[in-house]
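J.: Have a look; sequence and predicted model below, questions after that.
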Amino acid sequence: MALPSEARDELGRIPGARLRENAEALRTFGRDRSHLQGRPAVVVAPSDTGCLVEVVRWARRFRVPLVARGGGTSLDGESVPRDGGAVVDLSGWSAVLEVDPTDRIARVQPGVVNFDLQEALARYGLFFPPNPGSWRSSTIGGNVATNASGPRSFRYGPTRHWVRSVEVVLGTGERLTVGSRAAKRSIGPDLLGLLVGSEGTLGIVSEVTLALAPRPPRRMGLVVAVPLEASLGRLVAALLPLSVSGLSAVEYLDRECSEALARTPGTRIPPGERLLLLELESADEAEEETRCARLSEALQSAGISSEPTVAPSADRLWSVRGESGTALDRELGSRVREDIAVPVSRLDEMLTALDEIARSEGVRSVTFAHLGEGSLHPNLVVEPGTERGERVRARLLRECLRLGGTISAEHGIGAVKPGFLVDQVGVAGLSILRAVKSACDPDGILNPGKVYPP
């Protein structure tokens, strides 16, 4: 679907707006890592924030849907464009603008890749704790837009905890900066909190100020085999107290997932076993020994007698863990991929329910998880978007809600789950969210079809 000629000509006249309209670019920018595919009319890469403002104002004049895109790693269609809309490509906005070691903050552009930021911060003895599985390709703008998490969120929490301020361009074309460089604020309703996790439906992020943490002197990656009879809920309960004494990540792979990862060259993952992947931080060798001993005691109390295997590198372990989705793409093909969380006290109930759903629907189920937070990624081998696939998804999400959980822990709502949002927030909550959307984007041009049910 092409833009009207008047709209196309005016977009082309915006200073600094680089356009791509060839079939290959439109196909590439028409999808993310979900099962969805859009057909944009144009991809526009603004040169700077002033140019971005003009692009948004142009879109408002001509009622052209806009979707911002960084690394294209979203899993629920967050960066899939509306047919005939425009993709705003921010992947080139990749500068680390400032690092302040005293205030422990970094100002960055939204296209900075998470892993690249970690590399840039290492020389200051600092790091940005959230490390989603896609950290080698996902961007900070996307991490902010979806409130991404990752393995270290067990100790450090999600992206929202580490955002000091954001600058956005609203759907009105206005620039807005919310938050500050300060560590604390109490100024009424939290506008910054509304923007983090809003999936580009309220504004397009143009700059982010992040809080940073001191880089631990020692970080150890550990792999632990989990017996089939061991309760995962009991295991998490035993490990939770260690989050204040160096245990920063508690990840889980079921047997099928570890088997798939083991077939990925260079992973060194033991095949065919349920596995815990852990990270333990320490100040020095003596503290490391003490913390390892406490970890072993906690594991034994939960019925795990096998000794952990030390991974060559904690960062490498998380990169391997991040390949879980790719490995399952290869092994399982198209499937319903979910992102739910339940209270850790209800973990075993949720996993039992998941097995029952898979059995009754006659589908294969494979799960990996941020186990320490009750955050699960079930993969059900059924075609998404079909009646059967969406029935399986609905059963899973409703069971999660019944157990006091959330329909999205870290991937967002996107284009896949707007119909379930009212079940999570209620009619009154949805009305408030719609009012915020209307104030920030009165014409509905920013990422339409995402988050909010039609």
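T.: Alright, I've got the coordinates.
J.: buried set for stretch 162-174?
T.: Residues Trp162, Val163, Arg164, Ser165, Val166, Glu167, Val168, Val169, Leu170, Gly171, Thr172, Gly173 are the ones in stretch 162-174 that count as buried (16 or more other Cβ atoms under 10 Å). All C-beta spots, glycine's among them, are computed from the backbone N, C-alpha and C.
J.: Mind jotting down where the strands sit in the stretch 101-250 of the chain?
T.: Ranges of strands in the stretch 101-250 of the chain, per DSSP state E, counting those that start in this stretch, are 105-108, 126-127, 163-170, 175-179, 203-211, 213-214, 218-226, 247-253.
J.: What sits closest to the residue most central in space within the chain if chain neighbours are left out?
T.: The residue lying closest to the centre of the chain (Cα atoms, centre = their mean) is Ala148, at 3.2 Å. The shortest distance from Ala148 to any non-neighbouring residue, by Cβ to Cβ, 6 or more residues apart in numbering, is to Pro132 (4.3 Å).
J.: burial of that neighbour, as a residue count?
T.: Other residues lying near Pro132 total 25 when counted by other Cβ atoms under 10 Å.
J.: contacting residues for it?
T.: Asn114, Ser138, Asn143, Ala148, Ser149, Gly150, Gly322, Glu410 (Cβ atoms under 8 Å, 6 or more residues apart in numbering).
J.: Which ones among those lie within helices?
T.: Among the contacts of Pro132, the ones falling in helices (DSSP state H) are Asn114, Asn143.
J.: between the contacts of Pro132, which has the most around it?
T.: Most surrounded of the contacts of Pro132: other Cβ under 10 Å gives Asn143, at 35 neighbours.
J.: related to what we said a few turns ago, pick the one among the buried residues of stretch 162-174 closest to Pro418.
T.: The closest of the buried residues of stretch 162-174 to Pro418 turns out to be Gly171 (Cβ to Cβ; 17.8 Å).
J.: So that closest one sits against Leu202, correct?
T.: Yes - at 7.5 Å, Gly171 and Leu202 qualify as touching, with contact defined as Cβ atoms under 8 Å.
J.: which residues are common contacts for the two?
T.: Cys440, Asp441, Leu446.
J.: Export the residues you listed as a markdown table, with columns for neighbour count.
T.: What follows is the shared contacts of Gly171 and Leu202, written out as a markdown table (neighbours: other Cβ atoms under 10 Å):
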| residue | neighbour count |
| --- | --- |
| Cys440 | 21 |
| Asp441 | 23 |
| Leu446 | 29 |
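J.: Go through those residues and say which is closest to Val416.
T.: Closest to Val416, out of all of the shared contacts of Gly171 and Leu202 and judged by Cβ to Cβ, is Leu446, at 18.2 Å.
J.: From Val392, how far out is the closest one?
T.: According to Cβ to Cβ, to the nearest Å, Leu446 stands 31 Å off from Val392.
J.: same check, this time on Ser74
T.: Applying Cβ to Cβ, one obtains 21 Å for the distance of Ser74 from Val392.
J.: Next up, the contacts around the closest residue to Gly325 other than its chain neighbours.
T.: Sequence neighbours aside, Gly133 is the residue nearest to Gly325 in space, at 6.8 Å (criterion: Cβ to Cβ, 6+ apart). The contact partners of Gly133, taken as Cβ under 8 Å, 6+ apart, are Gly150, Pro151, Trp318, Arg321, Gly322, Glu323, Ser324, Gly325.
J.: Tell me the confidence at Gly133?
T.: Listed pLDDT for Gly133 reads 89.
J.: do the same with the one 4 residues further on
T.: pLDDT recorded at Ser137 is 95.
J.: for Asp355, same thing?
T.: What the model reports for Asp355 is a pLDDT of 97.
J.: In the protein, where's the longest helix?
T.: Across the chain, the helix with the greatest residue count (assigned by DSSP H) is helix 421-440.
J.: Any idea how far that one is from the middle of the chain?
T.: 21 Å (Cα atoms, centre = their mean, to the nearest Å).
J.: Give the buried residues for the helix or strand hosting Ala353.
T.: Ala353 belongs to helix 347-361 when assigned by DSSP states H and E. By 16+ other Cβ under 10 Å, the buried positions in helix 347-361 come out as Leu347, Asp348, Met350, Leu351, Ala353, Leu354, Ile357, Ala358, Glu361.
J.: ok, those residues vs Ala435, which is closest?
T.: Met350 (32.9 Å).
J.: who touches that closest one in this structure?
T.: By Cβ under 8 Å, 6+ apart, the residues touching Met350 are Ile340, Val342, Gly374, Leu376, Glu399, Cys400, Leu403, Gly405.
J.: Farthest pair within those residues?
T.: The span of those, defined through Cβ to Cβ, is set by Gly374 and Glu399 at 13.6 Å.
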